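In: Requesting a structural model of the entry that follows:
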Amino acid sequence: MRLKTLLLTAALAMTPWCATAQPVQPAHAATPLSLEEALRLAEQANPALRSRQAQLAAAQGARTEANALLYNNPQLALEGTRREVPQTALPDERRKEWSAALSQTLEIAGQPGYRRSATAASLSALQAEIEAMRRQVRAEVAQQFYRVLALQQRLQLEAQAVQLFDSTAAAVQKRRAAGEDTKLDANVTAVEAERARNQLAQVDEQLMEARGELAENIQLPPERVAAVAGDLTAMADASPYGLDMLLARVLDQPRLIATAAREDSARARLKLEQSSRYPDVTLGVNVGREGPSTGRERLTTVTVSLPLPLFKRNAAAIGQATTELTQAEVERAAAIRDVQAQVRTLWSKLDSLKRRVARLRDVVLPALADNQQLSLKSQRAGEIGLLELIVFNRQALDARRDLIEALTDLQTTRLALETAAGWQSTQGNQP
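Out: Here you go, the predicted model:
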């Protein structure tokens, strides 16, 4: 009986474990959600991303208007006059006169070109911002996906621990009733069983919360995210990029492209406001018919009007445009520094996590499995007791929990690094 108990106690730590193991689904369960499907749903349904995309219509309309042949529309004026002219000893003479005028205001200081440049840069900035938001949404959903995946594996591990410690506690209770084990042994195994059960409940609660967050981001009912299927060890050993490669691509990431385009737009708007100090010229042509019916005159008049820029010199608009340009330049320079520093920090963290995962997987877990075999032999020989064996089992459980946690942190850090550097991989940031 005692040997059977010891074998059950050691079973968990001696059973090979893989970080990519998936939960067993019942026959009636829905198909587990894949990472690719979650990312596709997030792009289609994310409210913030869709709201940002809706702004494209306004930016495209502004660009279309700026690309028109002339910024100002021509003006047409029609005038009809009915005149009664007194005549001596005769009835009043009635005359019908008319005139038509067409005028066009022209910009003479290059404003159309600056306006086109400003609206085109604004549209490019918005498109880059949408791409940056799309990648951020994908990264956040991928991080939530990996958290759900990790908690699923933790739930499996804790369920095995509950089964193990329950079996151990029941066996020890029988041995205590037979006088073979002490009350201390029984109490220790009972406490371990309850701790394992509490740990299982805690992980189950965390899993429900993580599934709810993922379902909210991809706009699905929580029951549709009952399970996910993926590889928690993806890119845990090697990456297709190095730090120098990431830093070289920093300026090409959408966020910085957007800041550069915003700066170009602000510079073009400043030039537009500066050129607006020069007055617009209005050209007009007026055609009319006047005079008595027996001798009507046809008049053709050409007009040129030019406001005199004596008092209003567009100083307020120029000052505002100068401020916006300065702010855009400061924001771009700060963004470049922040992104480069963030990439270096995340790279160091990712490298540390990879080493930690390798130590846990290649050194700690094999050593613990070896300890389990040695402790079992020692128990059989009477060199150690049940309490010492439980300590070895708990070490094995803690090591597996540490590995799952380290893999989760690694995936979260990897996704944050790729998002910051603008790297597009097949694990959460691809188009």
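
In: how close does D370 get to R394?
Out: Distance, D370 to R394, by Cβ to Cβ, to the nearest Å: 16 Å. For glycine as for every other residue, the C-beta is placed from the backbone atoms N, C-alpha and C.

In: Have a look at those two and say which one is more surrounded.
Out: The neighbour count for D370 versus R394, taken as other Cβ atoms under 10 Å, is higher for R394 (16 against 11).

In: in what helix or strand does that one lie?
Out: Taking DSSP states H and E as the criterion, R394 maps to helix 386-421.

In: Which elements pack onto that helix?
Out: Judged by 3 or more Cβ pairs under 8 Å, 6 or more residues apart in numbering; DSSP states H and E, the packing partners of helix 386-421 are helix 2-14, helix 111-177, helix 183-217, helix 243-248, helix 315-359, helix 365-380.

In: buried sites along it?
Out: 386, 389-390, 392-397, 399-404, 406-421 (16 or more other Cβ atoms under 10 Å).

In: which secondary element of this structure has the worst mean pLDDT?
Out: The helix or strand of the chain with the poorest confidence is helix 2-14; it has a mean of 46 (mean pLDDT, DSSP states H and E).

In: Distance check, the residue nearest to the spatial centre of the chain against A234.
Out: Among the residues of the chain, the one closest to the centroid is Q136, at 1.7 Å (Cα atoms, centre = their mean). Computed as Cβ to Cβ, the Q136 to A234 distance reads 20 Å.

In: Then L365?
Out: Using Cβ to Cβ, one gets 19 Å for the distance from L365 to A234.

In: Is A109 in a helix, a strand, or coil?
Out: Following DSSP: H, G, I helix; E, B strand; the rest coil, the label given to A109 is coil.

In: Please report phi then psi for it.
Out: When read as degrees, to the nearest 10, the backbone of A109 gives phi -120, psi 30.

In: Can you give me the neighbour number for it?
Out: Number of residues near A109 (other Cβ under 10 Å) recorded here: 16.

In: relative to helix 111-177, how tilted is the strand ranked longest in the chain?
Out: Assignment by DSSP state E gives strand 90-106 as the longest strand of the chain. Interaxial angle of strand 90-106 relative to helix 111-177 (axes from the mean of the first three to the mean of the last three Cα atoms, to 10 degrees): 50 degrees.

In: quick one: contacts for the most far-flung residue of the chain relative to its centre?
Out: Centroid-distance maximum for the chain: A89 at 90.7 Å, with Cα atoms, centre = their mean. For A89, the contact set (Cβ atoms under 8 Å, 6 or more residues apart in numbering) is empty.

In: Which neighbouring elements make contact with the longest strand of the chain?
Out: So strand 90-106, by 3+ Cβ pairs under 8 Å, 6+ apart, packs with strand 75-87, strand 281-290, strand 297-305.

In: For stretch 214-226, give the distance from the opening residue to the closing one.
Out: 11 Å (Cα to Cα, to the nearest Å).

In: scratch that, stretch 249-258 is what I was asking about
Out: Terminal residues of stretch 249-258 are spaced 15 Å apart (Cα to Cα).

In: Check what contacts it and list those residues.
Out: With Cβ under 8 Å, 6+ apart as the test, stretch 249-258 has contacts from 124-126, 128-129, 131-132, 135, 332, 335-336, 339-340, 343, 420-423.

In: can the helices and strands packed on helix 386-421 go into TSV with extra columns for distance to N46?
Out: Below are the helices and strands packed on helix 386-421 laid out as TSV (distance: least, Cβ to Cβ, whole Å):
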stretch	distance to N46
helix 2-14	41
helix 111-177	5
helix 183-217	7
helix 243-248	26
helix 315-359	23
helix 365-380	38
